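J.: next come a sequence and a model predicted from it.
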Protein chains: 4
Amino acid sequence: MFVVMRTGAAEAEVNGVKGLILAEGLTPFENPGAEGTVIAVVGEIGKRREQLRGRLEALAGVARVRAISKPYKLVSREFHPENTVIRVLDTAVGDGGLSVMAGPCSVESRDQLLETVDHVAASGATIIRGGAFKPRTSPYSFQGLGVEGLRYLAEARARTGLPVITEVMEPNQVDIVAEYADILQIGTRNMQNFSLLLACGRAGRPVMLKRGFSATIEEWLMAAEYIASAGNSQIILCERGIRTFETTTRNTLDLTAVPLIHHLTHLPVVVDPSHATGKRWLVKPLAIGGAAVGADGIMVEVHPRPDEALSDAEQQLDFAGFDSMMAAITAVHAHVRDLHGDPLPAVGNGQG
Amino acid sequence: MFVVMRTGAAEAEVNGVKGLILAEGLTPFENPGAEGTVIAVVGEIGKRREQLRGRLEALAGVARVRAISKPYKLVSREFHPENTVIRVLDTAVGDGGLSVMAGPCSVESRDQLLETVDHVAASGATIIRGGAFKPRTSPYSFQGLGVEGLRYLAEARARTGLPVITEVMEPNQVDIVAEYADILQIGTRNMQNFSLLLACGRAGRPVMLKRGFSATIEEWLMAAEYIASAGNSQIILCERGIRTFETTTRNTLDLTAVPLIHHLTHLPVVVDPSHATGKRWLVKPLAIGGAAVGADGIMVEVHPRPDEALSDAEQQLDFAGFDSMMAAITAVHAHVRDLHGDPLPAVGNGQG
Amino acid sequence: MFVVMRTGAAEAEVNGVKGLILAEGLTPFENPGAEGTVIAVVGEIGKRREQLRGRLEALAGVARVRAISKPYKLVSREFHPENTVIRVLDTAVGDGGLSVMAGPCSVESRDQLLETVDHVAASGATIIRGGAFKPRTSPYSFQGLGVEGLRYLAEARARTGLPVITEVMEPNQVDIVAEYADILQIGTRNMQNFSLLLACGRAGRPVMLKRGFSATIEEWLMAAEYIASAGNSQIILCERGIRTFETTTRNTLDLTAVPLIHHLTHLPVVVDPSHATGKRWLVKPLAIGGAAVGADGIMVEVHPRPDEALSDAEQQLDFAGFDSMMAAITAVHAHVRDLHGDPLPAVGNGQG
Amino acid sequence: MFVVMRTGAAEAEVNGVKGLILAEGLTPFENPGAEGTVIAVVGEIGKRREQLRGRLEALAGVARVRAISKPYKLVSREFHPENTVIRVLDTAVGDGGLSVMAGPCSVESRDQLLETVDHVAASGATIIRGGAFKPRTSPYSFQGLGVEGLRYLAEARARTGLPVITEVMEPNQVDIVAEYADILQIGTRNMQNFSLLLACGRAGRPVMLKRGFSATIEEWLMAAEYIASAGNSQIILCERGIRTFETTTRNTLDLTAVPLIHHLTHLPVVVDPSHATGKRWLVKPLAIGGAAVGADGIMVEVHPRPDEALSDAEQQLDFAGFDSMMAAITAVHAHVRDLHGDPLPAVGNGQG
């Protein structure tokens, strides 16, 4: 449930509410929003719901207590009506601009990474991506360079000034990855790896949570709620395609998820057309589609010589392909923005 | 297989090729394309393939004989490299413009239909839609006005000057629907109703073939091939969402299908966000997405008072919603066009 | 809604109820069940529900009026608690025995059909199957022998004394197929071909309705309701696999559907492992599985020389394979029967 | 690739082969099978394939070198033709008998667990299940008793003499769970948690790997390959339903997976009808189905008072339900065994 405080409620009143929640063994989360402070009560409330509601409503400074209609609470727009903006180094995700996360699927060598990031940075990428720990279907495939890869990513950041995002695969890796990277990425196969979600929630770094390739929107938001419940609401969602019966493409990109996510949550959402389609020549049209439906960013894989790549050779863009896509999505984003006024929330919030 | 004629081959030479094909009990289909005449050989070729190929190659005027890599032939771009443009009354689908097919889900009464078409025509719709024969999951739901509905549609056409598209549900209905409508629509549940496909292929009217909600791209194109094999290549494809595990929306709109269709075939493709999402407020963002990925048109349901609709009340736009969507997709289409030069084929044909 | 008559209600009282229903423009369907006559009221009741309920309850002989919790009515167990048994010639489907429908995918020639039916009849098949009109994904594949195939099927019946089931693809074919066949089959792609459902409902022959490969259980039962609403409740359901992401087999056989169908409806259900798996060597283990979960029958494809078959060569059993399967499912069915007492309803009806 | 040794090859010859493989930086896995020793070569072979093959074929004692047709190697039947039998305490999985794994979804208290295990042990269960660490969709749901739950499970084992299986959710938990449990369970959401797979592969305990609810058969076997590649081939597979469009049941139980798994691998496979269906009354018919198609075991959830359960209340059997199911599956398994002779491989290996 949410406790909505009166406008101008005193700090002592807010603390009184929090104290009662804590005394019940539950956890208060406070959103000091533009329309007044809201305190979410999370934990297993069970049968004491009605009695607790009454006691909270009786406290000083409380305007009202509201039930939450969704199973996710901290990530819902009901709790936090304003868009969450994630600021990292000199860039931001979710502020109305279009973030572009680009780089190789895997960091294969220092040279390969630096050649790539120099190019994508010059062409307008805002965040650098690259895999150091790689989840591979086969135990006999290239598993990434590990910590060596992380060091090259840090060098790439120093060189370009851009923040770095990279995947973390298990709780034990969170500390080392957080030491080198600016944003922790949780991959599609780990979306319901609850131990990893909690570990990332405690890591003090923004987290990008990819949608499980067979996860419903609700399961995806419940996974985000795990991260938020551990104290971290700096979460970026990433739509990367879902598994369907169609086999022409690797997965089916669900662009409908973008306005839905904007409607249901306050978190930014990024679209990854590389993994969704698995085909290089489909990346540009679907990056355009993602920008057009209101995504806060696009994530793509870029490689200097895609045919030599150690992973995902079929889907990585070469430099010319990246530049062509950048020109297109930048223009589309600008036009969509003009159309909608404040475009992204307007796309997502309407409820005709 | 395809027989490619030499540039400037004489008509007698073309007829010689056709004659041999007919003598084998097979059917020749000729495409007098910009890059030279191509003749497709369709039918059960079976074991005589190599021998037939040799005999065809030996004929006067034949440049070469090519195998076809796909199971569909007449609808493939290999056979017909130029975009097919469907011209109906004063409008066209597939000519680089953005068609807008709009009208009520069901024709419920003369007044309801005329009120709707007057509005959508004034706001820029290019084709009028409306269901007279309605496929309904339950035998006890409203089944449409039938021929009475067709008559109102013809009146709507006379009044607005716009062509009419409406659904035909069985071979026996093809003649009567073709008498009143300009474009025959085959619904998602009938995509593999082979008798209906053949009947529509012989009807002398353009056909819009909706994708089966569980059909692969290849099955969809094979269904189009049925229509083409009966002599009618005036076919519009319509992506309307596929069935997946996700339940937040009625279906999952597969916008990747748009560039794929442009790549694999010469036929235009339209996007229907109303049926895909089943939610009114999602229609506009996904119509924008459809226009952005290069669709040749958008089909939407519009009702003067959606809450009173006899079918699909949840997804029909009201007039204000339609106008807002029209403004947005018109602008996006213009911008996308500017970006790509000749945007639609460029989106679909690239094969980086 | 259902009108439950008092035990021993007079015929005049039953007629009084029917008369009121008819006078309202609705249709009464009567089930003179063991626990008393029930009359289903079908049609668009709309807003007069409460008022109509009151008027019916006031009539002589009426015990009570019940709402129906499911969208399907005539096929529900609520309306018709007893199992429906379909009797054709000297056999029955749904009487507690295990029906075996066997024969070639397509009737390819008189010799091929008669050689096959002689064998399967001698080995214990109870119904002969064979396709005369074939729905094929490609317009260039073998489309069946048509009426010639029907004639061979009639000869096969005369020779073996077994009833014949064959597919009907469009309303126009219903009369001719019903002239030759004992049971009309509606294929998976036509499950929501509503015109065909209604035509079969009026044909005076039992109908076997295959589940659409992407149909939910509820949609399947709604399709059966179309047939029943046209006056024919002699319906056999057939589970033949659903489309999923798994590609090792053609489809995923949903054996859970068998106890669900027995629970929700009074209609018998048959399992088709040939089409579900698309692999010959999987037919026997899944036929065993079907018998074990309580299916009323098994449908399989058998060919004298499967490798020469004109359709579905990969999945047809040869004669030895058929005999091995027959021995296994006969034994399993007998054991399952012993276990459950009256096995099939016991499997399906339990609601622990 | 596989190196097949000559019958009666000397140990020194086997060591010679292993030595060359190790010298190449690859790993040899030896199967001293009934038909002669086979040595699998695993690791990234890459471009040296042909050259390496020649060098191995030239070694003393080598009969031939075979390519492997599947991406999984150690778990394939090609490498290991004999069935793998997992022996734990006094029971075995995969020896032709029918294992029954039973117990509560979650260990909720010492009393609840002991009451349950006393009953299921007396009724014939062969392995005790119970969750101590619970993966829950919501962070606010009951997360299990943790180590306290493990202690109660150890007490249950001491009391009944039956081995215990319980889930492990992250690499860090492997040691503590392996200290108390006999079999480590990897849950459906963790099937591609590669770090966890490797950690379990090194734990020295048998592992039961549940199929990911959206995993293909091949992905499932690749996940098993991770465990085997870490040195542990004591792996039980568990089919627990896959995610499809059908919503009547929680998931769709894929019983076809059972004969497929027996065909493709040497590992035993267990069926879990509780999680697949999510409905108590469907557990018995589908447990019967699982036994009938040749499963090596059945896993079910049992609770003294299901309606009071803290998790999965809808699907847990009560004691009477468990006993009824036990009687049925025991009888079906005995009959299926009689039918097939040596039933399980016979079901799976046939390739007509």
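T.: Perfect, thanks for sending it. Numbering: from 1, shown residues only, chains lettered A, B, ... in the order given.
J.: now the biggest helix by length in chain A - C-alpha only, PDB.
T.: The single longest helix within chain A, with elements called by DSSP state H, is helix A:319-340. The C-alpha trace of helix A:319-340 is given here as PDB (Å, rounded to 0.1, in the frame of the first residue of the first chain):
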ATOM      1  CA  PHE A 319      31.100   1.300 -39.200                       C
ATOM      2  CA  ALA A 320      29.200   2.500 -42.300                       C
ATOM      3  CA  GLY A 321      26.100   0.700 -41.200                       C
ATOM      4  CA  PHE A 322      26.300   2.300 -37.700                       C
ATOM      5  CA  ASP A 323      26.700   5.800 -39.200                       C
ATOM      6  CA  SER A 324      23.700   5.200 -41.500                       C
ATOM      7  CA  MET A 325      21.600   4.100 -38.600                       C
ATOM      8  CA  MET A 326      22.700   7.000 -36.400                       C
ATOM      9  CA  ALA A 327      21.700   9.600 -39.000                       C
ATOM     10  CA  ALA A 328      18.300   8.000 -39.400                       C
ATOM     11  CA  ILE A 329      17.400   7.500 -35.700                       C
ATOM     12  CA  THR A 330      18.700  11.000 -34.800                       C
ATOM     13  CA  ALA A 331      16.400  12.500 -37.400                       C
ATOM     14  CA  VAL A 332      13.400  10.400 -36.500                       C
ATOM     15  CA  HIS A 333      13.800  11.100 -32.800                       C
ATOM     16  CA  ALA A 334      13.900  14.800 -33.400                       C
ATOM     17  CA  HIS A 335      10.800  14.600 -35.600                       C
ATOM     18  CA  VAL A 336       8.900  12.500 -33.100                       C
ATOM     19  CA  ARG A 337       9.800  14.900 -30.400                       C
ATOM     20  CA  ASP A 338       8.400  17.800 -32.400                       C
ATOM     21  CA  LEU A 339       5.200  15.900 -33.000                       C
ATOM     22  CA  HIS A 340       4.400  15.000 -29.400                       C
END
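J.: which neighbouring elements make contact with that helix?
T.: Where contact means 3 or more Cβ pairs under 8 Å, 6 or more residues apart in numbering or on different chains; DSSP states H and E, helix A:319-340 is packed against strand A:99-103, helix A:110-122, helix A:280-292, strand A:297-301, helix A:343-349, helix B:280-292, helix B:319-340. All C-beta spots, glycine's among them, are computed from the backbone N, C-alpha and C.
J.: any stretches of chain A with poor pLDDT?
T.: Scanning chain A for pLDDT under 70 picks out the ranges A:338-352.
J.: and the residue nearest the centre of chain A?
T.: Centroid-nearest residue in chain A: residue A:236, 1.6 Å away (criterion: Cα atoms, centre = their mean).
J.: checking my notes, that one in a helix, right?
T.: No - assessed with DSSP: H, G, I helix; E, B strand; the rest coil, residue A:236 is strand; it does not lie in a helix.
J.: what about stretch A:227-238, near chain D?
T.: Yes - using Cβ under 8 Å from any Cβ of the partner chain, stretch A:227-238 reaches chain D at residue A:229.
J.: tell me the residue of chain A that sits nearest chain B?
T.: Going by Cβ to the nearest Cβ, chain B is nearest to residue A:292 of chain A, at 3.3 Å.
J.: with adjacent residues omitted, what lies nearest to that residue?
T.: Using Cβ to Cβ, 6 or more residues apart in numbering or on different chains and skipping the chain neighbours, the partner closest in space to residue A:292 is residue B:292 (3.3 Å).
J.: surely the one you found meets residue B:328?
T.: No - checked against Cβ atoms under 8 Å, the pair residue B:292 and residue B:328 is beyond contact range at 10.4 Å.
J.: the more surrounded of those two?
T.: residue B:292 (33 against 21; other Cβ atoms under 10 Å in any protein chain shown).
J.: can you tell me how far the more buried one is from chain C?
T.: 28 Å (Cβ to the nearest Cβ, to the nearest Å).
J.: for that residue, what are its contacts?
T.: A:288, A:289, A:291, A:292, A:293, A:332, B:332, B:336 (Cβ atoms under 8 Å, 6 or more residues apart in numbering or on different chains).
J.: now render these as CSV, adding distance to residue C:175.
T.: As requested, the contacts of residue B:292 are exported to CSV (distance: Cβ to Cβ, whole Å):
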residue, distance to residue C:175
A:288, 53
A:289, 49
A:291, 57
A:292, 52
A:293, 51
A:332, 57
B:332, 52
B:336, 53
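J.: pull the most distant pair out of these.
T.: A:293 and B:336 (13.3 Å; Cβ to Cβ).
J.: looking at these two, which has the bigger crowd around it?
T.: residue A:293 (31 against 26).
J.: that one and residue A:255 touch, don't they?
T.: Yes - if you go by Cβ under 8 Å, residue A:293 and residue A:255 touch, sitting 5.0 Å apart.
J.: hmm, back to that, flag every buried residue along the longest helix of chain A.
T.: The neighbour-count check on helix A:319-340 (16 or more other Cβ atoms under 10 Å in any protein chain shown) flags A:319, A:321-326, A:328-329, A:331-333, A:335-337, A:339-340 as buried.
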